[in-house]
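Student: just the structure for this:
(one chain, ligands or ions: 2)
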Amino acid sequence: MLAKLNRRNFLEVLGQATAAGGLIVLLGPRATQATTTPEDEAYDWEEHSYVYLIDISKCIGCGSCVRGCKAENDVPDGFYRTWVERYAIAGLEEVRIDSPQGGLNGFQPDPTAPASTKSFFVPKLCNHCSNTPCVQVCPVGASYQTKDGLVLVDKDHCVGCGYCVQACPYGSRFLDPETHTAEKCTWCYHRISKGELPACVASCPTGTRRFGDLKREGDEVVAIIRSQNVGVLAKELLTKPRCYYLHLDGEVR
Ligand code: SF4
Ligand code: SF4
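Tutor: Ligands and ions are numbered 1, 2, ... in the order given. Down below sits the predicted model:
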């Protein structure tokens, strides 16, 4: 029965069980097989394995990427699929992080920062983890992994329970205020499956954000990831992100 649950009848079942005072036992991972596939039928997801690279040393905090993402994906006001954080580190203990409106309009200088402050910008977005907690907690299998390495949401199956929003350790998900379904960065799947770059990568004027494919011969981004000292966010969680960072400060979380 559970494999056939959709948004409406899931909520009905949930309501009946709650009214009966019953204990709701949620499913393990992949209760259903989501069916969303790329729009382009000629696209073969077996031929790709995507990775994303962010060079923190190049980011100037201009917010062009956030604006590009918003415009491309019609992201609701007050929510962000990607955002930029400013880190200000003074001495050994004080770490300040701010991200006004997700860095959408860039950053104003902080006049209260001590002169010795080390400051840099950290662009963030969904890490498309290989070992992903959001997929594991989804009770109806609406969150799923694609064969080319992405984590996506099948909105026809999503019941808006919000478990994945809670489970994502990177704060990458939110519930869309209109559709009440889970939203997140897709690495612009509608673009990359046509051979285009994600909108944020295309919008970045400094080359901070780059996109690669492990299955593409001679891929420059892959060569950097394999040969240079790249890091991932919250490595200790063992989520195996596909989003890599160059010049990642140890204070970034
Ligand atoms: S890949 Fe697309 S959806 Fe993701 S942050 Fe970049 S622009 Fe937004
Ligand atoms: S567009 Fe590039 S340089 Fe500007 S904030 Fe985004 S990542 Fe940084």
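
Student: residue 129 and residue 150 touch, don't they?
Tutor: No: in this structure residue 129 lies outside contact range of residue 150 using Cβ atoms under 8 Å: 10.3 Å. To be clear about C-beta, it is placed using only N, CA and C from the backbone, and glycine gets the same treatment.

Student: which of these two has more neighbours?
Tutor: residue 129 (26 against 21; other Cβ atoms under 10 Å).

Student: what number of residues lie near residue 131?
Tutor: 12.

Student: can you read off the pLDDT for it?
Tutor: The pLDDT attached to residue 131 in the predicted structure is 97.

Student: what sits closest to it if chain neighbours are left out?
Tutor: Using Cβ to Cβ, 6 or more residues apart in numbering and skipping residues adjacent in sequence, the residue nearest residue 131 is residue 240, 4.6 Å away.

Student: same check on residue 174?
Tutor: Spatial nearest neighbour of residue 174, chain neighbours left out: residue 79 (5.0 Å); criterion: Cβ to Cβ, 6+ apart.

Student: quick check: the one you found is in a strand.
Tutor: No: secondary structure of residue 79 (DSSP: H, G, I helix; E, B strand; the rest coil): coil, not part of a strand.

Student: and it, what does it touch?
Tutor: Counting by Cβ atoms under 8 Å, 6 or more residues apart in numbering, residue 79 touches 174, 176, 177, 183.

Student: how close does it get to ligand 2?
Tutor: Distance, residue 79 to ligand 2, by Cβ to the nearest ligand atom, to the nearest Å: 17 Å.

Student: list phi and psi for that residue.
Tutor: phi -120, psi 160 (degrees, to the nearest 10).

Student: likewise for the one 3 residues further on?
Tutor: The phi and psi values for residue 82, taken as degrees, to the nearest 10, are phi -140, psi 150.

Student: can you pull the contacts of it?
Tutor: 65, 66, 69, 102, 123, 124, 125, 185, 200.

Student: of these, which ones also sit close to ligand 1?
Tutor: The subset of these within reach of ligand 1, by Cβ under 6 Å from any ligand atom, is 69, 125, 185, 200.

Student: name the nearest residue to the residue in the stretch 151-253 of the chain that ligand 2 sits nearest to, sequence neighbours excluded.
Tutor: Closest contact between the stretch 151-253 of the chain and ligand 2, by Cβ to the nearest ligand atom, is at residue 204 (3.3 Å). Once flanking residues are discounted, residue 204 sits nearest to residue 65: 5.1 Å by Cβ to Cβ, 6+ apart.

Student: which helix or strand contains the one you found?
Tutor: Taking DSSP states H and E as the definition, one finds residue 65 inside helix 64-73.

Student: who's in contact with that helix?
Tutor: 75, 80-84, 102-104, 123, 125, 185-186, 188, 191, 199-205, 208-209.

Student: in helices only, show me those.
Tutor: 191, 199, 200, 201, 202, 203 (DSSP state H).

Student: ok, the third one - contacts?
Tutor: In this structure, residue 200 makes contact with 65, 66, 68, 69, 82, 123, 125, 188, 209, judged by Cβ under 8 Å, 6+ apart.

Student: residue numbers of the protein in contact with ligand 2?
Tutor: Close to ligand 2, as judged by Cβ under 6 Å from any ligand atom, the chain has residues 59-65, 84, 121, 123, 203-204, 206, 208-209.

Student: let's see 5 Å
Tutor: Residues of the chain lying close to ligand 2 (Cβ under 5 Å from any ligand atom) are 59, 60, 62, 64, 65, 84, 123, 204, 206, 208.

Student: skipping its backbone neighbours, what lies nearest the second one in space?
Tutor: Nearest-residue entry for residue 60: residue 206, 5.9 Å, with adjacent residues in sequence omitted and distances by Cβ to Cβ, 6+ apart.

Student: nice, that's everything, thank you.
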